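Undergrad: just the structure for this:
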Amino acid sequence: MASSHSHTHSQAHPHHQAHGHHVHSHGPASPHPAQAVTWSVLRMTVLVRLAAAAAVAAALWAIVWLAMK
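TA: Got it, this is the predicted structure:
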């Protein structure tokens, strides 16, 4: 016995809002809207970038040095 049961399923799930899920308000082809950033590497001066890179490199070398001890 073949039944012709068909239904459509919408992509919008209103029950997700009750669970606290984020609902997108832009189309799938458009990028996410810009958000305010409190910290960005691009806003740092060259000297601050070099100092940060030196600090990261020193920390990584310290890990290597400790691992080889």
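Undergrad: for burial, what's the neighbour tally of residue 44?
TA: Residue 44 has 13 neighbours, counted by other Cβ atoms under 10 Å. Bear in mind the C-beta positions are built from the backbone N, C-alpha and C, glycine included.
Undergrad: that one: what's it in contact with?
TA: The contact partners of residue 44, by Cβ atoms under 8 Å, 6 or more residues apart in numbering, come to residue 52.
Undergrad: roughly how far apart are it and residue 37?
TA: Residue 44 is 12 Å from residue 37, where distance means Cβ to Cβ, to the nearest Å.
Undergrad: ok, residue 62 next?
TA: 29 Å.
Undergrad: where does the prediction get shaky in this protein?
TA: 1-27 (pLDDT under 70).
Undergrad: what's the longest helix in it?
TA: helix 46-68 (DSSP state H).
Undergrad: list of residues touching that helix?
TA: With Cβ under 8 Å, 6+ apart, helix 46-68 has contacts from 41, 44.
Undergrad: could you redo the last one with a cut-off of 7 Å?
TA: residue 41 (Cβ atoms under 7 Å, 6 or more residues apart in numbering).
Undergrad: tabulate the CA atom coordinates of that helix in PDB.
TA: Extracted as PDB, the C-alpha positions of helix 46-68 are listed here (Å, rounded to 0.1, in the frame of the first residue of the first chain):
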ATOM      1  CA  VAL A  46      54.900  48.400  13.800                       C
ATOM      2  CA  LEU A  47      57.000  48.500  17.000                       C
ATOM      3  CA  VAL A  48      54.200  47.000  19.100                       C
ATOM      4  CA  ARG A  49      53.800  44.200  16.500                       C
ATOM      5  CA  LEU A  50      57.500  43.500  16.500                       C
ATOM      6  CA  ALA A  51      57.500  43.400  20.300                       C
ATOM      7  CA  ALA A  52      54.500  41.100  20.400                       C
ATOM      8  CA  ALA A  53      56.200  38.800  17.800                       C
ATOM      9  CA  ALA A  54      59.400  38.700  19.800                       C
ATOM     10  CA  ALA A  55      57.400  37.900  23.000                       C
ATOM     11  CA  VAL A  56      55.600  35.000  21.200                       C
ATOM     12  CA  ALA A  57      58.900  33.700  19.700                       C
ATOM     13  CA  ALA A  58      60.600  33.900  23.100                       C
ATOM     14  CA  ALA A  59      57.700  32.000  24.800                       C
ATOM     15  CA  LEU A  60      57.800  29.300  22.100                       C
ATOM     16  CA  TRP A  61      61.600  29.000  22.400                       C
ATOM     17  CA  ALA A  62      61.200  28.700  26.200                       C
ATOM     18  CA  ILE A  63      58.800  25.800  25.600                       C
ATOM     19  CA  VAL A  64      61.300  24.100  23.300                       C
ATOM     20  CA  TRP A  65      64.100  24.700  25.800                       C
ATOM     21  CA  LEU A  66      62.100  23.300  28.700                       C
ATOM     22  CA  ALA A  67      61.200  20.300  26.600                       C
ATOM     23  CA  MET A  68      64.800  19.500  25.700                       C
END
